[in-house]
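A.B. asks: Turn this into a structure:
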Amino acid sequence: MNTTFTISGQIVDLLADRIFPGTLCVENGVIKEIREEPIAPMQYVLPGFVDAHVHIESSMLVPSEFARLATCHGTVATVSDPHEIANVLGMEGVRFMIDNGKRVPFKFFFGAPSCVPATTFETSGHTLDTKDIARLMEMDDIYYLAEMMNYPGVLAQDAEILRKIAAAKQTGKPIDGHAPNLSGEDLKRYVAAGISTDHECFTEAEAMEKISLGMKIHIREGSAAKNFEALIPLMKSHPGVLMFCSDDKHPDDLVRGHVNQLVKRAVAKGYDTLDVLKAASLNAIRHYGLPVGLLQQGDDADFIVTDNLTDFNVLQTYIKGVLVAENGKPCMERITTETPNFFNAFNLQMADLAVSDKGKSVKVIECIDGQLITRCSIEKPSVRNGWMVSDPERDLLKMIVLNRYQPGKPAIAFIRNFGLKRGAIASSVAHDSHNIVAVGACDEDIVRAVNLLIAHKGGVVAYDAERSALLPLPVAGLMSNEDGYRVAQGYETADRLAHDFGTTLTAPFMTLAFMALLVIPELKLSDKGLFDVTRFAFTELEES
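C.D. replies: Numbers count the residues shown, from 1 in each chain. As a prediction, the model looks like this:
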């Protein structure tokens, strides 16, 4: 593997705020010399992109496969929170992610998951307590305390939460935030606890308030949550505090693009190119103290070559001088991966989904395309023979969450805006505890979809009596051990079938996964019941 070479082009120096013709001299993966030239080829050499907040597990790929796809788009590093697999496998899951990532020439920077489980109102596979967090924070492989989702615990001065924050402060490592819609005095107290970032801003005004208190803002554009358009105007007024991230990105989306897409869109809107590129690399590198090269003498040779600074077509990606991707193709070989898991769910029966009508209205989860937040509405349920049922004509569908760690009965609710006219979809990817979540046009299809998923110990499935599509996820019920491009195709097949069933959501499986996330308002469902996030308490299905 040759890591000693020279490469010439228009060099983008983000530290000096200039672009100049020059030659990089790379020796053993390190930039030994940068020569300014009178002329150089009209290709651009710039720092590789960094995803400043991502859960690798949401790509349904193990880290080594994620790297193969992401490098094709110019990504050289990620700031990664492994709390998805930690909820399933605990410390074993975190170690799996770190070890698997080390097997490829990509820079994964993992955090210590701060909230495993995210709340006590759901069943997870494992718990990471204060001692676990302290042990992780002392590790060289851990770069930050990952998103502090339990903001009510911070505000209430919960002793366990404060000890976790103290463990991060003791190591001098940053603390990531997660505070949707938090404002005013509560926000001030949250920031005062030492929390430095937020990726949950839905409006420019929300972001501005957080910036005013010293927070840095991740501009998120994932498969379900899309906040780029709302937040990108901040690039004009506050470019130095912005970082690009995906948070959660499904495999089909990752095949199409990554951070490069946000760079291209921002530049097309007229924002300063160097400011945009800093949000794609420099700002995250500085904030988290990442050992990622920035095209300076003595840096690791972590850079990309693009055809121009408009389209940002990535011609080559280098990490420590290793050519890892070229012309949209990965240069890294696939590695074999073990498949640790924790899956003990029993098959559903039709009787498990029966909900008797009490003559009352019910609380309905209203999902919103492109957002993680939901609304709550009050509706009269559709009733057949004394039982509440899905009603596709009213877009009022039954939804369930089933404990996957031990046998139990499903929690049941109703949801609107999925739009299914027939069939059902189910998934063992359900943030953050990753129980089984499903929604369907009738009980029969929900039962069959869930049982198909259980038979494979995890995955995503779209099912009706005529057709089905299943993507198995044998690694913790979250990730595949197969080739990333094959996984993307399998996911696309299931996604396409879900749309054939009538859903109008851009990313129905990703949206479904977040309907069980109890730290995002307003109304969600856990395996233990319907949850009012605003009150941070369980609520009855029926309106009193």
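
A.B. asks: burial of residue 63, as a residue count?
C.D. replies: 28 (other CB atoms under 10 Å). All C-beta atoms are positioned from the backbone trio N, CA, C, and that covers glycine.

A.B. asks: who's in contact with it?
C.D. replies: Counting by CB atoms under 8 Å, 6 or more residues apart in numbering, residue 63 touches 56, 80, 97, 100-101, 104, 106, 108.

A.B. asks: Those residues in helices, which ones?
C.D. replies: 97, 100-101 (DSSP state H).

A.B. asks: quick check, nearest of these to residue 135?
C.D. replies: Taking CB to CB as the measure, residue 135 sits nearest to residue 97 out of the ones in helices among the contacts of residue 63, at 15.8 Å.

A.B. asks: Most neighbours of all the ones in helices among the contacts of residue 63, which one?
C.D. replies: Of those, with other CB under 10 Å as the count, residue 97 tops at 25 neighbours.

A.B. asks: What does the pLDDT read for the closest residue in space to it that isn't next to it in sequence?
C.D. replies: With sequence-adjacent residues excluded and distances taken as CB to CB, 6 or more residues apart in numbering, residue 97 is closest to residue 82, at 4.4 Å. With respect to pLDDT, residue 82 has a value of 97.

A.B. asks: any idea how far residue 82 is from residue 354?
C.D. replies: For residue 82, the distance to residue 354 equals 38 Å [CB to CB, to the nearest Å].

A.B. asks: Please enumerate the strands of the stretch 51-200 of the chain.
C.D. replies: 75-80, 107-112, 142-148, 175-177, 197-198 (DSSP state E, counting those that start in this stretch).

A.B. asks: Any chance you could list what contacts the first one?
C.D. replies: Right, strand 75-80. 48-56, 63, 66, 70, 97, 106-111, 143-144, 245, 258-260, 284-285, 288, 290, 292, 302-304, 317-319.

A.B. asks: do the last one as well
C.D. replies: With contact meaning CB under 8 Å, 6+ apart, strand 197-198 is reached by 53, 174, 176-179, 207, 210, 215-218, 243, 287.

A.B. asks: let's go with 10 Å and repeat that
C.D. replies: Residues outside strand 197-198 that contact it (CB atoms under 10 Å, 6 or more residues apart in numbering): 52-53, 79, 144, 147-148, 174-180, 182, 187, 190-191, 206-207, 210-211, 215-218, 220, 241, 243, 245, 284, 287-288.

A.B. asks: what's the neighbour count on residue 211?
C.D. replies: 18.

A.B. asks: what kind of secondary structure is it in?
C.D. replies: helix (DSSP: H, G, I helix; E, B strand; the rest coil).

A.B. asks: hang on, isn't it packed against residue 239?
C.D. replies: No: contact criterion CB atoms under 10 Å: residue 211 and residue 239 do not qualify, at 11.3 Å.

A.B. asks: circling back to that earlier point, closest to residue 11 out of the contacts of residue 63?
C.D. replies: residue 106 (22.9 Å).

A.B. asks: how about the nearest residue to the closest one, chain neighbours excluded?
C.D. replies: Per CB to CB, 6+ apart, closest to residue 106 is residue 67, 3.6 Å.

A.B. asks: Quick check: the one you found touching residue 322?
C.D. replies: No: using CB under 10 Å as the test, residue 67 is too far from residue 322 to be in contact (11.5 Å).

A.B. asks: Return every residue with contacts to both of the two.
C.D. replies: Residues touching both residue 67 and residue 322 by CB under 10 Å, 6+ apart: 104-106, 332.

A.B. asks: ok, back up a step: so what's the residue nearest to residue 97 up against?
C.D. replies: 55-57, 63, 89, 93-98, 101, 108, 110-113, 116, 142, 146.

A.B. asks: rewinding a little: burial measure for the residue nearest to residue 106, as a count.
C.D. replies: Counted with other CB under 10 Å, residue 67 comes out at 30.

A.B. asks: Same check on residue 486?
C.D. replies: By other CB under 10 Å, the residues close to residue 486 number 13.

A.B. asks: Residue 445 too?
C.D. replies: Applying other CB under 10 Å, we find 25 residues neighbouring residue 445.
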